[in-house]
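In: Make a model of this:
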Amino acid sequence: MGLRRATILLIWTMTLLIPWMPGCGEGPQRRYDDAVLALRDGRNETALAESRRIAGSSDRTLRCDAALVAGIAATRVGANADARRYLKIAATSSDSEVAGRALVQQGVLERREGRRLEAAESFARAADRLDPDEAGRALLLAAEDYETVGRRTAARRCLDRAAGLSSDTADTARTRLARTGYTIQFGSFSNRDNANRQATAVSREVARRGIGDVRIRSEDDGWKVQAGVFRDRAAAGRALRRLDRTDAMVVPIGG
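Out: Modelled structure (predicted):
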């Protein structure tokens, strides 16, 4: 069963999965422990205050870990400038898990501010650093944002990766692959009977050319007769030329 998009996003906006041992360490380490506890309890102002005090630590590992906590807390309280600064630090961590989660949180921040392309790029970069299950979720988010800004080819590339990375995201990715990309359309009709007749008229040639199955898509403005699912407009255009029909055109799926 596929993951709901809202659930995917909540994985990072509401939880923080950082290796943590309570009650160990003194000084900066103790302050870090307190910051993680505060973040997990939803005490975001406290988490930000505690973590920012050690985000300048000379210990690079502790500095990056604290910066991740500070970045997430700052995002939650709306301190976006602070969030960007701390997440940039955390993304340089030698721990790929910390770096990847910082990039995911950067994507959350970019999405909140309406920069969907930048969000997509952050999620996609995060996937290179995370374990397969988390990488798959990041790629689903990247695909959603790429599609929002019209980068359908990039969206399909992310979905392809998500489908192969993790069984946790494979079903969702495959379902969305069927709705992402380009198709060949043979007309839009206000009457379903007319759409059925057009579908019957083109189905033999479509099959002979290996374009794919003919389908009738119901939309608010009527019924659209379509065939094939293509990664990009160029591939759809090549298939269209094989058909050599004047009543067909390449359109985005769902467009």
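In: quick one: secondary structure of Gln185?
Out: Here Gln185 is recorded as strand under DSSP: H, G, I helix; E, B strand; the rest coil.
In: same check, this time on Ile216
Out: strand.
In: just the helices in the stretch 101-250 of the chain please.
Out: For the stretch 101-250 of the chain, the helices defined by DSSP state H, counting those that start in this stretch occupy 116-127, 132-148, 152-165, 167-177, 192-208, 233-243.
In: Out of those helices, point me to the one whose mean pLDDT is lowest.
Out: For these, mean pLDDT drops lowest on helix 167-177, to a mean of 85.
In: Now it - C-alpha only, CSV.
Out: C-alpha atoms of helix 167-177 as CSV (Å, rounded to 0.1, in the frame of the first residue of the first chain):
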residue,chain,number,x,y,z
SER,A,167,9.7,-1.7,-0.9
ASP,A,168,8.3,0.9,1.4
THR,A,169,7.9,3.4,-1.4
ALA,A,170,7.8,1.2,-4.5
ASP,A,171,4.0,1.0,-4.9
THR,A,172,3.5,4.7,-4.5
ALA,A,173,6.3,5.4,-6.9
ARG,A,174,4.9,3.1,-9.6
THR,A,175,1.4,4.5,-9.2
ARG,A,176,2.7,8.0,-9.7
LEU,A,177,4.9,7.0,-12.6
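In: how about the helices of the stretch 101-250 of the chain in a markdown table, adding mean neighbour count?
Out: From N, CA and C alone the C-beta is placed, and that goes for glycine too. Output for those, formatted as a markdown table (neighbours: other C-beta atoms under 10 Å):
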| stretch | mean neighbour count |
| --- | --- |
| helix 116-127 | 23 |
| helix 132-148 | 24 |
| helix 152-165 | 22 |
| helix 167-177 | 18 |
| helix 192-208 | 15 |
| helix 233-243 | 16 |
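In: most centrally placed residue in the protein?
Out: Leu141 (1.4 Å; C-alpha atoms, centre = their mean).
In: Ala99 is in what secondary structure piece?
Out: Using DSSP states H and E, Ala99 falls within helix 96-112.
In: Can you spell out which helices and strands pack onto that helix?
Out: Counting contacts by 3 or more C-beta pairs under 8 Å, 6 or more residues apart in numbering; DSSP states H and E, helix 96-112 packs against helix 5-13, helix 60-77, helix 80-90, helix 116-127, helix 132-148.
In: how about it: buried residues?
Out: 97-111 (16 or more other C-beta atoms under 10 Å).
In: Pipe the helices of the stretch 101-250 of the chain into JSON lines and attach distance to Glu219 per row.
Out: What follows is the helices of the stretch 101-250 of the chain, written out as JSON lines (distance: least, C-beta to C-beta, whole Å):
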{"stretch": "helix 116-127", "distance to Glu219": "24"}
{"stretch": "helix 132-148", "distance to Glu219": "18"}
{"stretch": "helix 152-165", "distance to Glu219": "18"}
{"stretch": "helix 167-177", "distance to Glu219": "18"}
{"stretch": "helix 192-208", "distance to Glu219": "11"}
{"stretch": "helix 233-243", "distance to Glu219": "19"}
